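[1] Quick one, what's the 3D model for this:
(chains A and B)
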Amino acid sequence: MITQSIEPAEILLVEDNPDDVDITLRAFHKLRVANTLHVVRDGQEALDFLFCEGEYSGRAGLPRPDLVLLDLNLPKVDGPEVLAKIRASDGLSTMPVIVLTVSERQEDIQGSYKLGANTYITKPVDFAKFVHAVEVLREYWIVIAKLPSRAA
Amino acid sequence: MPKPQGKSTRLKRPSPPLWDGRSYADAIIETVREPLLVLDSDLRVKLANRSFYQTFRVSPQETKDRLIYELGGRQWDIPKLRRLLEEILPQDGQVEDFEVEHDFPEIGCKIMLLNARRLRHPETDTELILLAIEDITERKREEEEMTALKDDALEKRVEELDAFTYSVSHDLKEPLRALEAFSQFLLEDCADRLDEQGRDYLIKIANASIRMKNLVDELLTLSRASRRLGPPVRVDVDGLVGEIIAGIHVINARGAALAVEKGLPDVLAEPVWLKEVFANLIGNAVKFNKSELPHVNIGVRAMDGGMATFYVQDNGIGIDPQYHERIFGMFERLNRREEYEGTGAGLAIVKRVLENLGGKVWVESELGAGATFLFTLPVWAEATASTEEQAA
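    This next block holds a predicted model:
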């Protein structure tokens, strides 16, 4: 693994299923990386978090997330709409968004890429595979890829 | 020559006067609702009924004593009709339900069903041909529409069912992931706080969730197998079977001898799914086999009407004939899981794939006497390839 000399990354997990939240948290924990993982439970909360509105208005001025892990099926505002709003916004349009979902439907895959998803990943059933997927994701997007500065 | 007596047996009474043959025949011909022609042996029209004139919009003047092919400005010069009148009828004496499709310049395309019969006059030794013409254009069109409607409805139902299977399978996967993950977490974190039995229960939960995951995956495979991936292409069966055999050592732990006939014919199929078919059948032949010297033979039993019948024969445990249909059902198993692993979906997938490729599958077997699985597939031929190109 590549050395952890960089500062901890801020990751936003948009996931409504509490089991999946637990599983994802454990996968990150397993990797023993000092990332900050924020969890929001529906699409509206994700938008509030990202745009520092509503209960997240206090976040104004704080660094925006380095990476968003976005489920597609979400209450209130669904994943594709969250993605579209991110891409339409001046401040967030370049933020890496990874779609992390159970759907293997071609329509969902193509639709997500068309809306500007950086990567589309289906949640593996096997936990070990999931940990591996998270590790690869984190390594690529946080450690390897050069991303735009994350000034708020 | 004896005069025709009719059916009357009361010979004492004088027979009623015979009908005037000509007017009798004319009356019959006029009464028939369908177009009717009487031709002489030179194929000239001796008589035509009103229905003929109406249906084909011709006048008696331009019909009587004309050669049938010359009628209505040679509209009737139809190759198939020539074959009927000049080849088939002279040989067989009568023909029924002979279908002719023809595009008439005046009245458009007609599909006709012809009945024809040769009559020989016993005294004059002359010959007549009766030709009854039924216009089945409308009926055909309606039938085709009905079939198309039924096909559409069926296709829609199948699509709905597929979509249903697909979404159910996905929804099932969600809780399954949690089940598998949390039982694993429990084993990782709390194993030392559980006794032997507790750990055993936990392992059983984990195994059950893995099994269910396999079932759901097979269900997804089956639902995908019903949608064709691509158009059928020429598949080199020799090469495909060779690939499977090269990779089969994983399940062939008992070292079954695999014998493949040389020179298997190329078929018209979808390679990925055909591989699934062979892999399933060969895998089963190896798996359900307790012989001291297990062996599997693969080859072609017959080639007939553009179809090849392939076989996969083993000397394994065999299948009781009463289950020969059932084994192709979804998730059907004949053996306990402890004895033979598997979801029971393999043969259902095989059946679905082969039916989609225009073939079928069946089994010949007795309990304890090995099994031979047979299936048919269209053989690839130059001719089919050239029609494909024309279509493309």
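[2] C-alpha from now on. contacts and neighbour counts both.
    Noted.
[3] Can you give me every residue that contacts B:Lys150?
    Under the criterion of C-alpha atoms under 8 Å, 6 or more residues apart in numbering or on different chains, B:Lys150 has no neighbours.
[4] For chain A, what lies in contact range of chain B?
    With C-alpha under 8 Å from any C-alpha of the partner chain as the criterion, chain A meets chain B at residues A:19-20, A:23, A:102-103, A:124-127.
[5] Among those, which has the minimum pLDDT value?
    Within the residues of chain A next to chain B, A:Val125 has the lowest pLDDT, namely 71.
[6] And for the closest residue in space to that residue that isn't next to it in sequence, the neighbour number?
    Using C-alpha to C-alpha, 6 or more residues apart in numbering or on different chains and skipping residues adjacent in sequence, the residue nearest A:Val125 is B:Arg177, 4.8 Å away. Neighbours of B:Arg177 under the rule other C-alpha atoms under 10 Å in any protein chain shown: 21.
[7] So B:Arg177 sits against A:Asp126, correct?
    Yes: if you go by C-alpha atoms under 8 Å, B:Arg177 and A:Asp126 touch, sitting 7.0 Å apart.
[8] before we move on, the earlier item: buried ones among the residues of chain A next to chain B?
    Neighbour-count burial (16 or more other C-alpha atoms under 10 Å in any protein chain shown) applied to the residues of chain A next to chain B gives A:19-20, A:23, A:102-103, A:124-127.
[9] May I ask you to confirm that B:Lys213 is in contact with B:Pro175?
    No: between B:Lys213 and B:Pro175 there is no contact under C-alpha under 8 Å: 10.4 Å.
[10] neighbour-wise, which of those two wins?
    B:Lys213 (20 against 16).
[11] what helix or strand is B:Ile298 on?
    strand B:295-304 (DSSP states H and E).
[12] who's in contact with the next helix or strand after that strand?
    As assigned by DSSP H and E, the chain's next helix or strand after strand B:295-304 is strand B:307-314. For strand B:307-314, contacts defined as C-alpha under 8 Å, 6+ apart pick out B:265, B:281-282, B:285-286, B:289, B:294-303, B:370-379.
[13] Please tell me how far strand B:307-314 is from the chain's geometric centre.
    Computed by C-alpha atoms, centre = their mean, to the nearest Å, the chain-centroid distance of strand B:307-314 equals 18 Å.
[14] Would you map the strands across chain A?
    Along chain A, the stretches classed as strands by DSSP state E are A:10-14, A:36-40, A:67-70, A:97-101, A:119-122.
[15] Let me have those strands in TSV, adding mean neighbour count as columns.
    Listed next are the strands of chain A as TSV, based on neighbours: other C-alpha atoms under 10 Å in any protein chain shown:
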stretch	mean neighbour count
strand A:10-14	22
strand A:36-40	16
strand A:67-70	23
strand A:97-101	23
strand A:119-122	17
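[16] Just list the residues touching the residue of the stretch 251-392 of chain B found nearest chain A, thanks.
    Proximity of the stretch 251-392 of chain B to chain A (C-alpha to the nearest C-alpha) peaks at B:Thr343, 17.7 Å away. Taking C-alpha under 8 Å, 6+ apart, we find B:Thr343 in contact with B:211, B:214-215, B:218, B:331, B:333.
[17] Figure out the helix or strand that the residue in the stretch 101-250 of chain B that chain A sits nearest to lives in.
    As assessed by C-alpha to the nearest C-alpha, chain A sits closest to B:Arg177 within the stretch 101-250 of chain B, at 4.8 Å. B:Arg177 belongs to helix B:137-190 when assigned by DSSP H and E.
[18] tally of neighbours for the residue nearest to B:Gly93 when sequence neighbours are not counted?
    Distance criterion C-alpha to C-alpha, 6+ apart; nearest residue to B:Gly93, sequence neighbours excluded, is B:Arg118 at 5.3 Å. Residues near B:Arg118, counting by other C-alpha under 10 Å, number 21.
[19] List the contacts of residue 96.
    In the absence of a named chain, this looks at chain A. The neighbourhood of A:Pro96, defined by C-alpha under 8 Å, 6+ apart, consists of A:66-68, A:117-118, A:141.
[20] hm, I was asking about chain B
    By C-alpha under 8 Å, 6+ apart, the contact list for B:Glu96 reads B:114-116.
[21] And what about it, helix, strand or coil?
    Secondary structure state of B:Glu96, per DSSP: H, G, I helix; E, B strand; the rest coil, is strand.
[22] Return the distance of it relative to B:Leu128.
    With the distance defined as C-alpha to C-alpha, to the nearest Å, B:Glu96 ends up 17 Å from B:Leu128.
[23] Can you pull the phi and psi angles for the residue of chain A with the smallest separation from chain B?
    Closest residue of chain A to chain B, C-alpha to the nearest C-alpha: A:Val125 (4.8 Å). Backbone torsions of A:Val125, given as degrees, to the nearest 10, read phi -70, psi -40.
[24] quick one on the thing from earlier: from the contacts of strand B:307-314, list just the buried residues.
    Looks like the contacts of strand B:307-314 have B:265, B:281-282, B:285-286, B:289, B:294-300, B:370-379 buried, using 16+ other C-alpha under 10 Å.
[25] Not counting the lowest-mean-pLDDT helix or strand in chain A itself, show me its contacts.
    Lowest by mean pLDDT, DSSP states H and E among the helices and strands of chain A is helix A:127-138, with a mean of 82. The contact list for helix A:127-138 (C-alpha under 8 Å, 6+ apart) reads A:23, A:27-28, A:30-31, A:123-124, B:177, B:180-181.
[26] With stretch B:174-186 instead?
    So stretch B:174-186 is contacted by A:19-20, A:23, A:102, A:124-127, B:202-203, B:205-206, B:209-210, B:212-213 (C-alpha under 8 Å, 6+ apart).
[27] May I see the buried residues of stretch B:163-178?
    By 16+ other C-alpha under 10 Å, the buried positions in stretch B:163-178 come out as B:165-166, B:169-170, B:173-178.
[28] In JSON lines, list the residues you listed along with pLDDT and distance to A:Leu50.
    Conversion of the buried residues of stretch B:163-178 to JSON lines gives the following (pLDDT from 0 to 100; distance: C-alpha to C-alpha, whole Å):
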{"residue": "B:Thr165", "pLDDT": "76", "distance to A:Leu50": "37"}
{"residue": "B:Tyr166", "pLDDT": "73", "distance to A:Leu50": "34"}
{"residue": "B:Ser169", "pLDDT": "75", "distance to A:Leu50": "33"}
{"residue": "B:His170", "pLDDT": "72", "distance to A:Leu50": "30"}
{"residue": "B:Lys173", "pLDDT": "79", "distance to A:Leu50": "30"}
{"residue": "B:Glu174", "pLDDT": "79", "distance to A:Leu50": "27"}
{"residue": "B:Pro175", "pLDDT": "84", "distance to A:Leu50": "29"}
{"residue": "B:Leu176", "pLDDT": "85", "distance to A:Leu50": "31"}
{"residue": "B:Arg177", "pLDDT": "84", "distance to A:Leu50": "29"}
{"residue": "B:Ala178", "pLDDT": "87", "distance to A:Leu50": "28"}
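[29] Could you dump those residues into a markdown table with distance to B:Ser41 added?
    As requested, those are exported to a markdown table (distance: C-alpha to C-alpha, whole Å):
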| residue | distance to B:Ser41 |
| --- | --- |
| B:Thr165 | 66 |
| B:Tyr166 | 67 |
| B:Ser169 | 72 |
| B:His170 | 74 |
| B:Lys173 | 78 |
| B:Glu174 | 80 |
| B:Pro175 | 83 |
| B:Leu176 | 82 |
| B:Arg177 | 83 |
| B:Ala178 | 86 |
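[30] Could you list the alpha-carbon positions for stretch B:231-247 in PDB?
    What follows is stretch B:231-247, C-alpha atoms only, in PDB (Å, rounded to 0.1, in the frame of the first residue of the first chain):
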ATOM      1  CA  PRO B 231     -27.700 -13.100 -33.200                       C
ATOM      2  CA  PRO B 232     -26.600 -16.700 -33.600                       C
ATOM      3  CA  VAL B 233     -23.300 -17.100 -35.400                       C
ATOM      4  CA  ARG B 234     -21.200 -20.000 -36.600                       C
ATOM      5  CA  VAL B 235     -19.700 -21.800 -33.600                       C
ATOM      6  CA  ASP B 236     -16.800 -24.200 -33.700                       C
ATOM      7  CA  VAL B 237     -18.100 -26.900 -31.400                       C
ATOM      8  CA  ASP B 238     -14.800 -28.800 -31.500                       C
ATOM      9  CA  GLY B 239     -13.000 -25.800 -30.100                       C
ATOM     10  CA  LEU B 240     -15.600 -24.900 -27.600                       C
ATOM     11  CA  VAL B 241     -15.800 -28.400 -26.100                       C
ATOM     12  CA  GLY B 242     -12.000 -28.600 -26.100                       C
ATOM     13  CA  GLU B 243     -11.900 -25.400 -24.100                       C
ATOM     14  CA  ILE B 244     -14.400 -26.700 -21.500                       C
ATOM     15  CA  ILE B 245     -12.500 -30.000 -21.200                       C
ATOM     16  CA  ALA B 246      -9.200 -28.100 -20.700                       C
ATOM     17  CA  GLY B 247     -10.800 -26.200 -17.800                       C
END
